[in-house]
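Student: Sequence below, structure please.
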Amino acid sequence: MSDGALSVHDHLPDPRLPLSVRRVPVDYVVAPHRHEFQEIVYVVRGQARHVTELLDGSLTNVMRTATMTLLPGDCFVVSPDERHAFTQPESLVVYNILFTPELIAGEGRWLAGVPGLADFLFLEPLFRREAEHAPKLHLDVGERAAALACIEAMERETTDRSPGYELAARARLLELLVHLGRAWSRAGADRPAPLAKGQRDAVAAATAFMEERYGDDLSLRAIADAAYLSPHHFSELFKKRTGLSPWEYLGKLRIERAQELLRTGDAPITEVALAVGFSDSSYFARVFKTQTGLTPRDWRQRERG
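Tutor: Below is the predicted model of the structure:
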């Protein structure tokens, strides 16, 4: 298999419903691969080892791996561009639920109100690399019955394609997500600590990177790489933890550094702008005034009396 991601076009060919449900016997080693879509894996029976590869920013070089043992009733999410594999399968049968994030984007406000769902969908995949702490959703007997009812109904709708199948299948996916979020929330109080630690570590790595490199021409990808996250997931996590987007945080940091230079030195405004990462002194002046209420020149005069 090439390193290219499995495409939406090949695996979710129905433009009216980017959703696929497959019951798959896995009696072979599944080589490391990525895909463009989101995937929920539910283990019906058997066991195997699931391997997640942490890639660098090029999405080609493996920095390290994390593994977890899969057993019947286990359920987990594979995010877009996460490279993973299955090894040591023993009578393994799984359901693969493939869909694009856009399929549920319109329900974000409602899904955000389901306890545990954000952790299950977004945080657990992000911090699965912390193998010794990685939480995993394991459904009890009652939870399995509810989940399987949704999965099997989705499978019938996407296979039979009766009139209205798009709406019915999507409704069952949303119902499944509610079940899984509730199950995650019920699963125990030992999960939030490692997840919170992973969040703190990722944000701390990114902020340290920005504080060291604020004067450089930084990209979102470069900052996200410092946290070992994809740009999309990094932006969501950073906003959740800090209340600011990465660009807002970087902008505030640059203006704080500019204030130090203006207060303590005599460098021209243009040199100050370049030193803190602005290539355009006029844009720097606008940002500075937005944040401080004064132009850089007026701010310097006020500070020096």
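
Student: pLDDT of stretch 210-221, averaged?
Tutor: Averaging pLDDT along stretch 210-221 yields 91.

Student: That stretch: end-to-end distance?
Tutor: End-to-end distance for stretch 210-221: 12 Å, by Cα to Cα, to the nearest Å.

Student: just the helices in the stretch 1-150 of the chain please.
Tutor: According to DSSP state H, counting those that start in this stretch, the stretch 1-150 of the chain carries its helices in the segments 8-11, 102-105, 108-111, 117-118, 124-126, 141-160.

Student: For stretch 36-54, buried residues please.
Tutor: 36-44, 46, 48, 50-54 (16 or more other Cβ atoms under 10 Å). For glycine as for every other residue, the C-beta is placed from the backbone atoms N, C-alpha and C.

Student: weakest of the helices of the stretch 1-150 of the chain by average pLDDT?
Tutor: Among the helices of the stretch 1-150 of the chain, helix 124-126 scores lowest, at a mean of 74.

Student: Can you point out the helix or strand that includes the spatially most central residue of the chain?
Tutor: For the chain, H233 is the residue whose C-alpha lies nearest the centre (Cα atoms, centre = their mean; 3.2 Å). H233 belongs to helix 231-242 when assigned by DSSP states H and E.

Student: Look at the residue nearest to R213 when sequence neighbours are not counted and give its secondary structure.
Tutor: Sequence neighbours aside, A222 is the residue nearest to R213 in space, at 8.0 Å (criterion: Cβ to Cβ, 6 or more residues apart in numbering). Classification of A222 by DSSP: H, G, I helix; E, B strand; the rest coil places it in helix.

Student: Also Q199?
Tutor: Three-state call for Q199 (three-state DSSP): helix.

Student: just the helices of the stretch 1-150 of the chain: most buried one?
Tutor: helix 124-126 (a mean of 22; mean count of other Cβ atoms under 10 Å).

Student: just to revisit the earlier point, A66 is nearest to which of the helices of the stretch 1-150 of the chain?
Tutor: Smallest distance to A66 across the helices of the stretch 1-150 of the chain (Cβ to Cβ): 11.0 Å, for helix 124-126.

Student: domains for this protein, by residue range?
Tutor: 8-188, 218-303 (automatic domain parsing).

Student: Would you work out how far apart the start and end of the last one are?
Tutor: This points to domain 218-303. End residues of domain 218-303 are separated by 30 Å (Cα to Cα).

Student: any idea how far it is from the chain center?
Tutor: 25 Å (Cα atoms, centre = their mean, to the nearest Å).

Student: Closest one of the buried residues of stretch 36-54 to S245?
Tutor: Q38 (22.6 Å).

Student: returning to what we had before: reformat the helices of the stretch 1-150 of the chain as CSV; add distance to L262.
Tutor: CSV is the format used below for the helices of the stretch 1-150 of the chain (distance: least, Cβ to Cβ, whole Å):
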stretch, distance to L262
helix 8-11, 50
helix 102-105, 43
helix 108-111, 42
helix 117-118, 41
helix 124-126, 39
helix 141-160, 59
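
Student: Regarding stretch 215-235, how distant is the last residue from the first?
Tutor: Termini of stretch 215-235 sit 20 Å apart (Cα to Cα).

Student: What are the buried residues along that stretch?
Tutor: 218, 220, 222-231, 233-235.

Student: Kind regards, and thank you for your time.
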